[in-house]
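In: Got a predicted structure plus its sequence, pasted below:
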Amino acid sequence: MKNFEYFTPTKIIFGEDTHLQTGSLLKSYGAKKVLIHYGGHSAVKSGLLEQIQTSLKEAGISYVTLGGVVPNPHLSLIREGIELCKKENIDFILAVGGGSVIDSAKGIGYGVANPWTDVWNFYLKKETPTDCLPIGVILTIAASGSEMSSSSVVTNEETKQKRGSSKTDLCRPKFAILNPRLTFTLPPYQTASGCVDILMHTMERYFVNMDTLEITDSLSEALMKTVIHNAPILMEEPDNYKARAEVMWAGSLSHNGLTGCGTGSGDWACHQLEHELGGVYDVTHGAGLAALWGSWARYVYTENPGRFAQFASNVLNISQGENDEQNALAGIQAMEDFFHSIHMPVNLHELGLHLTEEEIHDLAFRCSFEDTRTIGSFRKLNRNDMEKIYLMAR
């Protein structure tokens, strides 16, 4: 195992009607004027935005709003938000939505607090932010874990680059309100994609080629089993409060660093491969991960088949076969069967992409940063490896 530091500063307020506490919470953090940042029409149509605005008014807090965040959030809206915050003297950002809204809010927070450079430089890793406007979250989609994480991923729609910012604790939200009822109206596809994202945040840290802590493995395995158990329930019963609550809390725990204690930085190859799909083809993140994972797993498992065999046994309840390799392959297949059971794709064709070899070659070239980097740690992947995985996933 590796030495580690663990820091989780985000205050969690979990349960029914907790979003009604927004005004008093913001007041306790000294907020005077807030940017309410959100996505599409659902926050307005459901009445959630009005309830939040009422709560802020009752607390004597001024606000302005900026909607329009889309999946794979756009850099252009972040830049618009930065200028709006400067103009309105905003001192706190409230993100109302899922990972895309939260990541966009973090980008705005970075841009306002670091006016000496363009915010995109933080995502290109050319600069490191030194401050961030404080952020609070009202979560409406259980998926990304951005409500407790130190990361932000956005898309430059002009260059079609999807990039993650320099990871710092500066952008971790001060608080996150988690009311499972706010996720009841999510479409099944979005719910399922979110469940895959939660699983993958844990699996990226779980599939490492090193000695690990038994307690960290056990936490990770329990978290994955919880999602795998509850995701099919939500496909049949979208208003099942207990299942929504289990998945929502799993989403936060999957990406706050807990499941990476002692495992180093994790693998993250699947995320890097998917980021190129998301940037170029604007696919739903969780669905893109499901479409790639099986091909990645079959390409790398021979580096440590015992790790995949442990996953098959402890997470998917696969009976032990003749050897680790057989068990590993059975676990990979079982995971793909699970993805299918919640109507997620397991290849690019099922994702709706019919890519030529030339397009796949371009994806690998982009993912390798024009053949200048490798990705992954379970097995380091160069541009040729990336291309082979994309081809396997076709």
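Out: The structure has been received and is ready for your questions. Residues are numbered from 1 along each chain as shown.

In: what comes into contact with whatever helix or strand residue 308 lives in?
Out: Following DSSP states H and E, one finds residue 308 within helix 305-314. Contact with helix 305-314 is made by 206-209, 217, 221, 297, 301, 318, 320, 323-325, 327-332, 334, 378, as judged by Cβ atoms under 8 Å, 6 or more residues apart in numbering. Using the backbone N, CA and C atoms, a C-beta is placed for each residue, glycine as well.

In: Weed out the non-buried ones from the residues you listed.
Out: 206-209, 217, 221, 297, 301, 318, 324, 327-332, 334, 378 (16 or more other Cβ atoms under 10 Å).

In: and those residues, which of them are in helices?
Out: Within these, membership in helices is found for 206, 217, 221, 297, 324, 327-332, 334, as judged by DSSP state H.

In: from these, which two are the most distant?
Out: 217 and 329 (20.6 Å; Cβ to Cβ).

In: quick one, what contacts the closest residue to residue 162 other than its chain neighbours?
Out: With Cβ to Cβ, 6 or more residues apart in numbering as the criterion, residue 162 has its nearest non-adjacent residue at 3.4 Å, and that residue is residue 279. Listed by Cβ under 8 Å, 6+ apart, the contact set of residue 279 reads 72, 155-156, 160-162, 366.

In: Please repeat the previous calculation with a cut-off of 6 Å.
Out: 155, 160-162 (Cβ atoms under 6 Å, 6 or more residues apart in numbering).

In: Averaging pLDDT per element, find the lowest-scoring helix or strand in this protein.
Out: helix 42-45 (a mean of 86; mean pLDDT, DSSP states H and E).

In: That one: which residues count as buried?
Out: Buried-residue list, helix 42-45, by 16+ other Cβ under 10 Å: 42-43.

In: contacting residues around that helix?
Out: Surrounding helix 42-45, the residues in contact under the criterion Cβ under 6 Å, 6+ apart are 49, 96.

In: Mind exporting the C-alpha coordinates of the helix or strand just after that helix to PDB?
Out: Under the assignment DSSP H and E, the closest C-terminal helix or strand after helix 42-45 is helix 48-58. Taking C-alpha atoms only, helix 48-58 is exported to PDB below (Å, rounded to 0.1, in the frame of the first residue of the first chain):
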ATOM      1  CA  LEU A  48     -37.200  23.800  -6.900                       C
ATOM      2  CA  LEU A  49     -35.600  27.000  -8.000                       C
ATOM      3  CA  GLU A  50     -38.500  29.000  -6.600                       C
ATOM      4  CA  GLN A  51     -38.200  27.300  -3.300                       C
ATOM      5  CA  ILE A  52     -34.500  28.000  -3.100                       C
ATOM      6  CA  GLN A  53     -35.000  31.700  -4.100                       C
ATOM      7  CA  THR A  54     -37.600  32.000  -1.300                       C
ATOM      8  CA  SER A  55     -35.200  30.500   1.200                       C
ATOM      9  CA  LEU A  56     -32.500  33.000   0.200                       C
ATOM     10  CA  LYS A  57     -34.900  35.900   0.400                       C
ATOM     11  CA  GLU A  58     -36.100  34.900   3.900                       C
END
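
In: can you pull the buried residues of helix 48-58?
Out: 48-49, 51-53, 55-56.

In: go on, stretch 17-34?
Out: In stretch 17-34, the ones that count as buried by 16+ other Cβ under 10 Å are 18-19, 21-23, 25-27, 31, 34.

In: related to what we said a few turns ago, can you redo the contacts of residue 279 as a markdown table with pLDDT, secondary structure and distance to residue 187?
Out: Listed next are the contacts of residue 279 as a markdown table, based on pLDDT from 0 to 100; DSSP: H, G, I helix; E, B strand; the rest coil; distance: Cβ to Cβ, whole Å:
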| residue | pLDDT | secondary structure | distance to residue 187 |
| --- | --- | --- | --- |
| 155 | 96 | strand | 22 |
| 160 | 93 | coil | 26 |
| 161 | 94 | strand | 28 |
| 162 | 94 | strand | 23 |
